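S.K.: What would the 3D arrangement of this be:
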Amino acid sequence: MGKIRVGIAGTGYTVGMANAHVGGYRRCSEDCELVALYDIVPGRTQQWAKEKGLDVRSCKSFDELLEQVDAVSIVTPNYAHVPLVIRALEKGKHVLCEKPLSTNAEACREAVRYGKVTDRVKMIGFSYRGIPAVRWMKQEIDAGRLGRIFTWRETLGGCRIANPRVKLEWRMQKDLSGTGALADFGCHMLDLCDWTLHGVSGEIKAVQGMMSTTVSERERIFETGMGAVTNDDNAVFNVKFESGTLASFVASRLGVLRHTIEVYGEGGMMLFRDDRPNEVEVFFKEKGGGYTGSAQTAAVPEELVSEPWFDSEIEEFIDCIKTGRQPDRSFERALYIQEILDRILESGETGRTIVF
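M.R.: Sure thing, here's the model as predicted:
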């Protein structure tokens, strides 16, 4: 197999997740080559490629991009994911789609159904699994170091749009994004929590959620005047696993200082902070006894370290194409997480705990 030809659909103009994909493909250049870009806004790809120093083809349509590539990263607004995914699979291309897969579970099911009739690689961008500290925490939990898990607490978010002068982007509109902070950050947190604890704590069986919109209107981008923000700026939610493990989450696009994860169990506790991706603060104890001594800092083993950690997602995608295997970060996984998000939204709208 020669180099895998890759394209990116959606260059963005705010958060810029396409930048991370470009960097990942560049660092996997022995196996793949970025050859084409497409964006729905005319002229954007040419300027973007020039800014990034990319010698690639700027395509006028998604189909033109698909004609140039073996695989594609879809980095567009959430509502557009499924139609582009299906078109790429129809054309026999491998697909890495940014999260969430769509705006709700029903739309995700369409992509999952179509994906079952093709052998192409189908991967969702749950990139936070690449964080070295989280990977080590999962290893330790799977090995029984913490024994029975009591609680998990996680915070994740951003502060870019805390400024009310930031204009009304697609991610602030429910018909284009689905939920706001809940979808944007919650899908990562739920994936990490369930992925890390599933072997010890079992299935998620109940959820609770509350959401709020703090900045209720913003200046329109393509029209004059103000427009309504129709999804959440903040979300807090809880889940309960079949073992009794409780997990709590805070997601906010108006300000979270650190991505943190705290895990407590009968064998001790662990703390991850995103400013220290290669280490974990730990305080272990005998499972039948109490705490003695003090917390320590554990360095992640070198074999788990990836710099930058986002690249592990791209590396897995390329490896799956080369080997013919399907990733664990699959469309089925994306649907499972979206179903939980939908139930959290239902809880927030009805004020009830949703048990399933």
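S.K.: Just give me the neighbour total for the nearest residue to residue 214 once chain neighbours are set aside.
M.R.: Closest residue in space to residue 214, ignoring its immediate chain neighbours: residue 233 at 4.5 Å, by C-beta to C-beta, 6 or more residues apart in numbering. For glycine as for every other residue, the C-beta is placed from the backbone atoms N, C-alpha and C. The local packing of residue 233 (other C-beta atoms under 10 Å) involves 22 other residues.
S.K.: who's in contact with residue 233?
M.R.: Contact analysis of residue 233 by C-beta atoms under 8 Å, 6 or more residues apart in numbering lists 161, 180, 181, 212, 213, 214, 215, 252, 253, 254.
S.K.: can you check residue 31 too?
M.R.: Residue 31 makes contacts with 3, 4, 318, 322, as judged by C-beta under 8 Å, 6+ apart.
S.K.: Apply the buried test to the contacts of residue 233 and list what passes.
M.R.: Listed as buried from the contacts of residue 233 are 161, 180, 181, 213, 215, 252, 253, 254; burial here means 16 or more other C-beta atoms under 10 Å.
S.K.: Just the helices from the chain, written as ranges.
M.R.: Secondary structure of the chain by DSSP state H: the helices cover 17-27, 44-52, 62-68, 81-90, 105-115, 132-142, 174-177, 181-184, 186-201, 311-323, 331-350.
S.K.: Give me the neighbour count for the nearest residue to residue 115 once chain neighbours are set aside.
M.R.: In this structure, residue 115 finds its nearest non-sequential neighbour in residue 122, 4.6 Å apart by C-beta to C-beta, 6+ apart. Per other C-beta under 10 Å, the neighbour tally for residue 122 reads 27.
S.K.: Same question for residue 319.
M.R.: Using other C-beta under 10 Å as the criterion, the residues surrounding residue 319 number 14.
S.K.: same check, this time on residue 221
M.R.: Around residue 221 there are 11 residues (other C-beta under 10 Å).
S.K.: ok now stretch 28-35, how far from the chain's centre?
M.R.: The chain centroid and the centroid of stretch 28-35 are separated by 23 Å, computed with C-alpha atoms, centre = their mean, to the nearest Å.
S.K.: buried sites along it?
M.R.: Buried-residue list, stretch 28-35, by 16+ other C-beta under 10 Å: 28, 31, 32, 33, 34, 35.
S.K.: Okay, and the beta partners of the fourth one?
M.R.: Going by DSSP bridges, residue 33 is paired in beta bridges with residue 5.
S.K.: okay, now the domains of this protein?
M.R.: 4-127+311-327, 130-309+338-355 (automatic domain parsing).
S.K.: I'd like those as CSV, with mean pLDDT appended.
M.R.: Below are the domains of the chain laid out as CSV (pLDDT from 0 to 100):
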stretch, mean pLDDT
domain 4-127+311-327, 95
domain 130-309+338-355, 97
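S.K.: most tightly surrounded among those?
M.R.: domain 4-127+311-327 (a mean of 19; mean count of other C-beta atoms under 10 Å).
S.K.: quick one on the thing from earlier: could you export the contacts of residue 31 as JSON lines, including distance to residue 248?
M.R.: Output for the contacts of residue 31, formatted as JSON lines (distance: C-beta to C-beta, whole Å):
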{"residue": "3", "distance to residue 248": "45"}
{"residue": "4", "distance to residue 248": "41"}
{"residue": "318", "distance to residue 248": "36"}
{"residue": "322", "distance to residue 248": "40"}
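S.K.: List the residues that contact the residue nearest the centre of the chain.
M.R.: Closest residue to the average C-alpha location of the chain: residue 126 at 3.7 Å, with C-alpha atoms, centre = their mean. Residue 126 sits next to 99, 187, 188, 191, 192, 195, 313, 329, 333, 334, 337 when contact means C-beta under 8 Å, 6+ apart.
S.K.: biggest separation within the residues you listed, which pair?
M.R.: Maximum pairwise distance among the contacts of residue 126 (C-beta to C-beta): 15.5 Å, between 313 and 337.
S.K.: Leaving aside the residues adjacent along the chain, what's closest to residue 146?
M.R.: Of all residues not flanking residue 146 in the chain, residue 265 sits nearest, at 3.3 Å (C-beta to C-beta, 6+ apart).
S.K.: OK, contacts around that neighbour?
M.R.: Contact partners of residue 265, counting by C-beta under 8 Å, 6+ apart, are 141, 146, 147, 148, 149, 150.
S.K.: Where strands are concerned, which of these count?
M.R.: Residues of the contacts of residue 265 located in strands (DSSP state E): 149, 150.
S.K.: JSON lines please, covering the contacts of residue 265 and showing distance to residue 132.
M.R.: What follows is the contacts of residue 265, written out as JSON lines (distance: C-beta to C-beta, whole Å):
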{"residue": "141", "distance to residue 132": "15"}
{"residue": "146", "distance to residue 132": "18"}
{"residue": "147", "distance to residue 132": "23"}
{"residue": "148", "distance to residue 132": "25"}
{"residue": "149", "distance to residue 132": "21"}
{"residue": "150", "distance to residue 132": "24"}
